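Asker: coordinates only, no sequence provided:
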């Protein structure tokens, strides 16, 4: 009756976190997109992404007359011209080690997001544990970490900033709208305008989230029958980006036709067009009805092509490599969105943990999303990144592939079993 002995199977060695990103030199290097879309006579904000030893003195030749550059911070702000057209600007940055110059074209017309948006979203780390302090800290960390010098610019608040339906919780409960029908925030976000001003003062942009339905995914107030009021409120608060999530709208149309899938997104686009602010428009409805075929038609700047990503190889790889065939629908101003990045520390709650993707899987994740001309939205805690995660997100040569002005999404050009070759043309 002796119990059989068990022999522990040998475990593969843990993957080393190999640092592949070259360290920025002391001389200036201007990063980020070379083309930028804006609409006529709208507020304009752009911080020139630039590595190199500070202090750096910035200059810009050819800026439209109502735009001004702060030579110390590199922040360009003001209002775009009333005249549509292309405005060719030469940006320059100088310090004790040298000078860098880079062409930057401002195209004033009808199209925003001429390159994929790059930034951060609160959901994959904080979920509904988000609050104003965490958003301010994310903005601070984007600057302190140097991410801002590589082209990252959006700080996006996901679900759970509104008032929760049917809730007696004094923090997230209470009246959902004021007497005029305007959206109210819950007590975790006591002053939304002060928050957007804080983010803008650092040269960053800020985004928000809501659903076309009566409630959001997490059961908070939605935009149903208040769409124009909400668009005006987002503009008044100073938001630059809107993620519009189908959740809740299924109660309005449980079995939607293709036209019913399009309708709420088309309607909010019309509402956004009526406000005095450029707001990048993200359609989130998980790829229903082959949204990539009609997302641009209803005015989306980007649209989710898939369900939610998780930090597993199966989830990331099936979503990423599953984008084959959607490339013909992507281009400047309208991008396929295979969901947010799952590198660094994530958790979808107040309890964060390292991503379950191995180091090599994380490298594959960033590489593939860059080839796919995907929006790049970091989902980890920006205040707690190790050097490997920071290097993953600051490889300027990789980012330049993502931000290429031609905007051609990669396609799969060869496949043999598990081996695949993906490629995309660049502008030059």
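Answerer: Noted; the coordinates are in hand. As the structure is a computational prediction, the values presented were derived from the model and not from experiment. Residues are numbered from 1 along each chain as shown.

Asker: where along the stretch 101-250 of the chain do the strands fall?
Answerer: Under the criterion DSSP state E, counting those that start in this stretch, the stretch 101-250 of the chain contains strands at 118-121, 154-156, 205-210, 241-245.

Asker: the ones you listed: which one's closest to residue 96?
Answerer: Among these, the nearest to residue 96 by CB to CB is strand 118-121 (28.9 Å). (C-beta placed from N, C-alpha, C; glycine too.)

Asker: which residues are contacting stretch 260-273?
Answerer: 212, 223, 227-228, 230-231, 242, 244, 246, 249, 253, 279, 281, 283, 285, 288-289, 291, 294-295, 297-300 (CB atoms under 8 Å, 6 or more residues apart in numbering).

Asker: go on, stretch 356-366?
Answerer: Here stretch 356-366 has contacts from 15-18, 20, 311-313, 316-317, 320, 341-343, 355, 388-389, 392-393, 395, 398, using CB under 8 Å, 6+ apart.

Asker: from those residues, which land in helices?
Answerer: 313, 316-317, 320, 388-389, 392, 398 (DSSP state H).

Asker: identify each buried residue in stretch 40-51, please.
Answerer: 42-51 (16 or more other CB atoms under 10 Å).

Asker: columns mean neighbour count, mean pLDDT and distance to residue 32 on top of the strands of the stretch 101-250 of the chain, output as JSON lines?
Answerer: Converted to JSON lines, the strands of the stretch 101-250 of the chain look like this (neighbours: other CB atoms under 10 Å; pLDDT from 0 to 100; distance: least, CB to CB, whole Å):
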{"stretch": "strand 118-121", "mean neighbour count": "25", "mean pLDDT": "98", "distance to residue 32": "8"}
{"stretch": "strand 154-156", "mean neighbour count": "26", "mean pLDDT": "98", "distance to residue 32": "13"}
{"stretch": "strand 205-210", "mean neighbour count": "26", "mean pLDDT": "98", "distance to residue 32": "13"}
{"stretch": "strand 241-245", "mean neighbour count": "26", "mean pLDDT": "98", "distance to residue 32": "17"}
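
Asker: in JSON lines, list these along with distance to residue 374.
Answerer: Converted to JSON lines, the strands of the stretch 101-250 of the chain look like this (distance: least, CB to CB, whole Å):
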{"stretch": "strand 118-121", "distance to residue 374": "10"}
{"stretch": "strand 154-156", "distance to residue 374": "14"}
{"stretch": "strand 205-210", "distance to residue 374": "16"}
{"stretch": "strand 241-245", "distance to residue 374": "15"}
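
Asker: picking that back up, need the buried ones from the ones in helices among the contacts of stretch 356-366 selected in ChimeraX.
Answerer: The ChimeraX command for the buried members of these (criterion: 16+ other CB under 10 Å) is given here:
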select :316,320,388,389,392,398
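
Asker: ok, so of the ones in helices among the contacts of stretch 356-366, who is nearest residue 27?
Answerer: residue 398 (20.5 Å).

Asker: and the helix ranked longest in the chain with strand 205-210, angle?
Answerer: What stands out as the longest helix in the chain, according to DSSP H, is helix 258-273. Per axes from the mean of the first three to the mean of the last three CA atoms, to 10 degrees, the angle that helix 258-273 makes with strand 205-210 is 140 degrees.

Asker: how many residues are close by the closest residue to residue 334 other than its chain neighbours?
Answerer: Distances taken as CB to CB, 6 or more residues apart in numbering put residue 296 closest to residue 334, at 4.0 Å, once the chain neighbours are dropped. Residue 296 has 19 neighbours, counted by other CB atoms under 10 Å.

Asker: for residue 296, give me its contacts.
Answerer: When contacts are counted by CB under 8 Å, 6+ apart, residue 296 touches 329, 333-334.

Asker: change it to 10 Å
Answerer: 111, 302-303, 329-331, 333-335 (CB atoms under 10 Å, 6 or more residues apart in numbering).

Asker: likewise residue 203?
Answerer: By CB under 10 Å, 6+ apart, residue 203 lies in contact with 45-49, 70, 73-77, 139, 142-143, 148, 153.
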